[in-house]
Structures are given as structure tokens and as C-alpha cells.
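Asks: Sequence below, structure please.
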Amino acid sequence: MNIVWENLKFFMGCLRDLPVSGSLSLGEEGFCVSTGTEAENWVYFPESVTSPVIAEAAVKFFRERGEASLWPLYGSGGEVLESCGVVYDEDLSAMALTPVVRESGSGVRVERVRTREEAALWAETAGLGFGDDGTAEGYRKFAEALSEQGRVSLYLAKHEGQCAGTFLVTNGTAAMGVYYFAVVPELRRKGIARAMMDEVCRLSGGKRVVLQATPIGEKFYRSYGFEELFRIRLYRL
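Replies: Numbers count the residues shown, from 1 in each chain. Model prediction:
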């Protein structure tokens with residue numbers, strides 16, 4: 001299994017183990033995870049989808065909760081998902097970087113989230129960065145649970161005293177995975193994203209850095225030095 005998919009499995013396993021989450025097993029390794037938020041509900045399945053029974057079980061799990069969900073497709077099986085009401089959303093770019101530690105001169109401070117109050121700020125800032133309502137109660141509880149989990153670390157970037165951006169890194173695999181990497185719209189183009197990625201490289205300890213880039217974020221990651229490994233087809237219920 002490649003390093004991106006292995007890291008994604010680890011991260012989704014962290015989500016599944018949160019006290020705020022519910023889950024459903026799909027075979028030996030696959031599972032659904034519901035975090036009680038509108039945005040962070042996922043299906044992890046480590047192979048091509050050939051059985052409608054698997055897809056129907058996932059659909060039922062989320063529909064009973066009234067939740068949308070995302071399914072990153074590892075191999076083939078889009079036709080099976082679509083036959084069960086799951087639709088294609090977009091492609092993500094699986095990307096990797098061999099980190100180089102650099103000094104950032106942008107005046108951006110990046111701090112690890114350690115308290116529930118800081119987790120609430122992180123949730124609000126991430127919500128602004130992604131265009132979601134990060135102040136929603138479920139998302140705040142989700143961020144608090146993540147900050148106390150131990151296998152991931154949340155970071156909040158500040159620019160001139162203002163909360164400016166967020167990211168999360170995984171702590172338990174051969175590569176360092178990056179998630180929730182976002183800068184609030186009014187503070188973009190000030191070097192904040194580059195300063196945040198400089199900090200990711202410092203935190204990596206020399207491990208390769210991997211992520212799944214949306215079409216919006218892909219241009220920045222390429223400019224920073226990330227290389228695309230493959231594409232991930234993302235489906236949505």
C-alpha cells in the first residue's frame with residue numbers, strides 16, 4: 001500500500017476512535033466514520049468496490065444519521081457507488097514532498113493547540129478558511145476531541161495577533177500527513193501558507209510529507225515543491 005493511502009487510513013482511524021464519533025465496519029479493514037459534523041464523515045475502503053452490498057451498507061449508515069459523506073476511491077468501483085446513489089464529486093491530487101527546513105521571515109507565529117479554548121479558535125479559523133461554519137457546536141467538539149487524541153496535532157497560525165490559518169499533522173506513520181491546511185480569505189497572499197508549510201517541514205523530522213490536494217489548493221502545493229503521485233476520485237453522498 002502506498003504512503004498516501006496508508007496515511008489516510010491512519011488519519012481516518014484517528015477520526016473513528018474519537019469519543020464523538022460513530023462507525024461501521026465494512027469488511028476486514030474498511031469502515032464508515034461519522035464525527036457528528038456536517039463535513040467530516042468518511043468512508044475508508046482499501047480496495048476496489050465490487051459489491052453493491054458494501055456500498056449500500058455505507059449509504060444506509062449515513063442516511064440513517066441524516067449526514068452527507070465522502071468516499072475517496074482507492075481503485076475502481078465508481079459505477080457500483082453510483083448505482084447506490086453515491087455521486088462523483090471531484091479529483092484530489094495525492095502529493096508528496098521531501099522536506100527541506102527553511103527559515104520563515106514572514107512574522108507568522110505557528111503554535112500547537114493544547115487547550116479546549118485554543119481548539120475552539122482552531123475550529124472557527126478552519127471553518128473560515130474552508131468556507132464552512134467552523135463555529136458550529138459539533139465542529140467545535142470535534143476539534144476539541146482531536147486536540148486531546150494524541151495521535152494527531154493541531155496547529156494555529158497567527159499573523160499580527162490575528163488567527164490566520166490552520167493545519168493538522170499525523171504523528172504515527174512513516175510519512176507525515178497534512179490535513180485541514182487553510183488560510184482565512186482576507187489574509188491570503190501574505191506568505192502565511194508558505195510559513196505554515198515551512199513549519200510542517202520542520203515538524204516532519206525528515207519524514208516525507210504527504211497530503212491530498214483539492215483543485216483550489218493544488219497550485220500552491222506545486223509551487224512549494226510537492227509532486228503529484230496519483231489522483232484520487234472523491235465521491236459524495
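Asks: How far away from the center of its chain is stretch 230-237?
Replies: 13 Å (CA atoms, centre = their mean, to the nearest Å).
Asks: Can you give the contact residues for that stretch?
Replies: Under the contact criterion CB atoms under 8 Å, 6 or more residues apart in numbering, stretch 230-237 has outside partners 2, 4, 58-59, 62-63, 68-74, 78, 81-82, 85-94, 212. Placement of C-beta: from N, CA and C, glycine included.
Asks: Same question for stretch 60-67.
Replies: Applying CB under 8 Å, 6+ apart, the contact partners of stretch 60-67 are 22, 24, 32, 34, 38, 41, 68-69, 237.
Asks: 7 Å instead?
Replies: Residues outside stretch 60-67 that contact it (CB atoms under 7 Å, 6 or more residues apart in numbering): 24, 32, 34, 41, 69, 237.
Asks: if I read this right, the third one contacts residue 24, doesn't it?
Replies: No. Taking CB atoms under 7 Å as the contact criterion, residue 34 and residue 24 are not neighbours in contact, 8.4 Å apart.
Asks: out of those two, which sits in the more crowded spot?
Replies: Taking other CB atoms under 10 Å, residue 34 and residue 24 do not tie; residue 34 has more neighbours (21 against 16).
Asks: Looking at the contacts of stretch 60-67, which has the smallest pLDDT value?
Replies: By pLDDT, residue 237 ranks lowest within the contacts of stretch 60-67, coming in at 91.
Asks: which residues does the residue most central in space within the chain bridge with?
Replies: By CA atoms, centre = their mean, the mean C-alpha position of the chain lies nearest to residue 179, the distance being 3.7 Å. Beta-bridge pairing for residue 179 (DSSP bridges): residue 168.
Asks: Roughly how far does it sit from residue 200?
Replies: With distances taken as CB to CB, to the nearest Å, residue 179 is found 11 Å from residue 200.
Asks: Okay, and which of the contacts of stretch 230-237 map to strands?
Replies: Under the assignment DSSP state E, these contribute 70-73, 87-94, 212 to strands.
Asks: Mind giving me the ChimeraX select for the residues you listed, buried ones only?
Replies: For the buried members of those, the matching ChimeraX selection, counting by 16 or more other CB atoms under 10 Å, is:
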select :70,71,72,73,91,92,93,94,212
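Asks: now the lowest-mean-pLDDT helix or strand in the chain, how far from the centre of its chain.
Replies: Lowest by mean pLDDT, DSSP states H and E among the helices and strands of the chain is helix 137-147, with a mean of 87. Helix 137-147 sits 14 Å away from the centroid of its parent chain (CA atoms, centre = their mean).
Asks: just stretch 108-117 next, same as before
Replies: Chain-centre distance of stretch 108-117: 18 Å, with CA atoms, centre = their mean.
Asks: swap in stretch 172-188?
Replies: Counting by CA atoms, centre = their mean, stretch 172-188 comes out at 8 Å from the chain centroid.
Asks: So what touches it?
Replies: Here stretch 172-188 has contacts from 3, 6-7, 10-11, 125-126, 128-130, 151, 159, 164-170, 192-193, 196, 200, 203-204, 207-211, using CB under 7 Å, 6+ apart.
Asks: and residue 220, what does it touch?
Replies: residue 193.
Asks: That concludes my questions; thank you for your assistance.
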